[in-house]
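Visitor: Got a sequence here, can you model it:
(one chain, ligands or ions: 1)
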Amino acid sequence: MSDQQLSGEVYYPSKEVIKHAHAKCDELYKFAEENLEGFWAKEAKELHWFKKWNKVLDDSEKPFYKWFTGGKTNIAYNCLDVHVETFRRNKLALIWEGENGEFRSFSYFSLRRESCKFANVLKSLGVQKGDRVTLYMGRIPELMIGMLACARIGAIHSVVYGGFSVESLHERLEDSQSKVLIVADGSYQRGKIVQLKKIADEALQRAATVESVLVVKRTGEPVNMEAGRDMWYHELMNLPIANNACNIEVMDAEDPLFILYTSGTTGKPKAILHTHGGYMVGVYSTLKYVFDIHEDDRYWCAADPGWITGHSYIVYGPLLNGATSFMYEGAPTHPYPNRWWQIIEKYGINILYTAPTAIRGLMRFGEAWPNRHDLSSLRILGSVGEPINPEAWRWYNRVIGKEKCPIMDTWWQTETGMFMITPLPCMPLKPGSGTKPFPGLQMDILDESGNPVKANEEGFLVIKTPWPAMIRTLYNDPERYVNQYWSKYPGYYLTGDSARRDEDGYYWIIGRVDDVIKVSGYRLGTAEIESALVSHSAVAEAAAIGLPHDVKGHAIYTYVILKAGFEKSEKLAEELRQHVGHEVGPIAKPESVEFVDSLPKTRSGKIMRRVLKAKALGQDPGNISTLED
Ligand code: PRX
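Guide: Next up is the predicted model:
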């Protein structure tokens, strides 16, 4: 594959990279293509099963696919216990640096101990297999410990990103009917403290199911502790109930591991459900091949565990591979724009996985910052979350990777659980393209009526073959799962993205075709922003759209119709921005709030965001025959 002649700007991998890679391109693609189930079964055999599966893929109830049915396992056992029995017992599993310079590290042995202790604490609070536990904190080790503790006892974790705010947290607590909330007192971001417990207190006033709140002390700022409900994590972990040993719950391959809320087309966020068996095999294998994890590597995924990237590739993927994972709490530019480069040099990071928005943000500060540091430990780079513009790709390749580190531009989603369109280190790269589907996967680009489009034409990206880490359903809403993903083109999974494929078969993602906006790689729904706006007493109606932004990829623009008796003013616009920040989270704060007298709607009353977008960009709005007025 590496000597294939390709069109356009192409970067061929070096002989050293190809030699070092676990993935032997030609062999791997051929094997997976000829024997999809055999390929995944081979990967699954590298992990521990208490009982082997009967069937690799069960498609008898499409689109409710099942993987490794009859198999018994537990992902936490594979992440920790398996390694503790080997030479990896004292190997570092996690290295952590706080934004304020604090440092902590955990061997596989100590990470298992902490997660066992915490699993016993959860059990003592009555948490059982299948119960939902919500976690809400910044990037700190306790988040990882909490997730692994839940997995160990078969509880379903629901992590809410620490950058979300009151209404987002409330909605997720309520929808998941969580019994327990694990929250940090606060987190450090850009030198400031975000008071997470205070936000949680407000959300808890609106959420009825939570019986216990466990508070992790991170900042030490005073917090309100409600008697009978709130308890300190460190106090519980010192009690005799927090025993060092905790039996593992033997899970069915298809038993739920976690739910993770993500934004969809309309209405409230959807709870994506992932399982112990298939998800485990998918993330293990993709991380191994794509980032070419080797025993002595130090791997850093700079995402947040509150999003799918962190679930799959900070927590589960690296631990399943027995790797050393690095986690950093804070902002890339704090206190200076060299913080990341300093970290790479200090810890000898070999693999860095981040988002285009971070690269563009750091590029703005110039090359002098990274050039002050020794980045020679880097071997492979990664990108995720949104299309990477070729200019940022080239900078990343030249200034950070010194033209020797292949860039793995991985396209995937909360729903897919694992990398789907991605290079392998043995492949030639084109800046801005994620290259091809992972071995064994078949994808296509279709027009409105379901016909494949020609080379270089834009269309809807679909997935034609099932994969082990695929979403199993929407928690509590199987009907919406079928409608959302499997109804436009029956038999095919609809990604919600548009894309094109070039003459070499390389995929180029264009962006979302639904009402999802990717802001700095974060996934937000127009509906969430609009409902936050209309929850303000001055707002009658609101519309949100995403418009291109140099650093964030897309930024949020909103249009608001005021209720009678309220006056348009700069002050009110700012108040509305702050209100969205308070309800949804700072990442959702609109770039601008524009007051309007009407909004373009269809005759059935649906806001035509496409028309607003075209108008804002000075483009032709296209077919507006369905416009009401
Ligand atoms: O639009 C695609 C974009 O992110 C969406 C999925 O968002 P989320 O579920 O939050 O997961 C993000 C991290 C996996 C996709 O539908 N996206 C993700 N990765 C890429 C991307 N767009 C272009 N290139 C990528 N590498």
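Visitor: For the rest of this, base every contact and every neighbour count on C-alpha atoms.
Guide: Fine.
Visitor: burial of residue 232, as a residue count?
Guide: If you count neighbours by other C-alpha atoms under 10 Å, residue 232 ends up with 17.
Visitor: same deal with residue 198?
Guide: Look at residue 198: counted by other C-alpha under 10 Å, it has 16 neighbours.
Visitor: check contacts around it.
Guide: By C-alpha atoms under 8 Å, 6 or more residues apart in numbering, the contact set of residue 198 is 185, 223-224.
Visitor: for those, which one is nearest the ligand?
Guide: Using C-alpha to the nearest ligand atom, residue 185 is the member of the contacts of residue 198 that sits closest to the ligand, with 25.8 Å.
Visitor: Looking at neighbours, which among the contacts of residue 198 is most surrounded?
Guide: Taking other C-alpha under 10 Å as the neighbour criterion, residue 185 ranks highest of the contacts of residue 198 with 28 neighbours.
Visitor: That one: what's its closest spatial neighbour, skipping adjacent residues?
Guide: Leaving out its chain neighbours, the residue that sits closest to residue 185 by C-alpha to C-alpha, 6 or more residues apart in numbering is residue 197, at 4.8 Å.
Visitor: Can you classify the one you found by secondary structure?
Guide: helix (DSSP: H, G, I helix; E, B strand; the rest coil).
Visitor: what residues does this protein put near the ligand?
Guide: Counting by C-alpha under 6 Å from any ligand atom, the chain comes close to the ligand at 309, 384-387, 409-414, 497, 509, 511-512, 522-523.
Visitor: can you do 5 Å?
Guide: The chain comes close to the ligand at residues 384-387, 409-414, 523, as judged by C-alpha under 5 Å from any ligand atom.
Visitor: quick one: which of these is nearest residue 602?
Guide: Of all these, residue 523 has the smallest distance to residue 602: 25.7 Å, by C-alpha to C-alpha.
Visitor: Let me know whether that closest one touches residue 262 as I believe.
Guide: Yes - contact criterion C-alpha atoms under 8 Å: residue 523 and residue 262 qualify, at 7.1 Å.
Visitor: Residue ranges in the stretch 251-400 of the chain under the pLDDT threshold?
Guide: Filtered on pLDDT under 70, the stretch 251-400 of the chain yields no residues whatsoever.
Visitor: so where do the strands sit in it?
Guide: Assigned by DSSP state E, counting those that start in this stretch, the strands in the stretch 251-400 of the chain fall at 251-252, 256-262, 270-275, 298-301, 324-328, 351-354, 380-384.
Visitor: residues near the spatially closest residue to residue 313 that is not a sequence neighbour, how many?
Guide: Sequence neighbours aside, residue 301 is the residue nearest to residue 313 in space, at 6.7 Å (criterion: C-alpha to C-alpha, 6+ apart). A total of 24 residues lie near residue 301 under the criterion other C-alpha under 10 Å.
Visitor: what does residue 219 give?
Guide: Counted with other C-alpha under 10 Å, the neighbours of residue 219 add up to 14.
Visitor: how would you label it: helix, strand or coil?
Guide: coil.
Visitor: Unless I'm misreading it, it sits right up against residue 189, doesn't it?
Guide: No - judged on C-alpha under 8 Å, residue 219 makes no contact with residue 189 at a distance of 11.3 Å.
Visitor: Just the buried ones from the residues of the chain next to the ligand?
Guide: Among the residues of the chain next to the ligand, those scoring as buried are 384-387, 409-414, 523 (criterion: 16 or more other C-alpha atoms under 10 Å).
Visitor: farthest pair in those?
Guide: Maximum pairwise distance among those (C-alpha to C-alpha): 17.7 Å, between 409 and 523.
Visitor: Backbone dihedrals for residue 46, both of them.
Guide: phi -80, psi -10 (degrees, to the nearest 10).
Visitor: do the same with the one 4 residues further on
Guide: Note on residue 50: its backbone torsions stand at phi -70, psi -30 [degrees, to the nearest 10].
Visitor: Now the nearest residue to residue 484 once chain neighbours are set aside: which helix or strand?
Guide: Distances taken as C-alpha to C-alpha, 6+ apart put residue 494 closest to residue 484, at 7.8 Å, once the chain neighbours are dropped. Residue 494 belongs to strand 493-501 when assigned by DSSP states H and E.
Visitor: Sheet partners, orientation included, of that strand?
Guide: Here strand 493-501 has these sheet partners by DSSP bridges: strand 459-463 (antiparallel), strand 507-512 (antiparallel).
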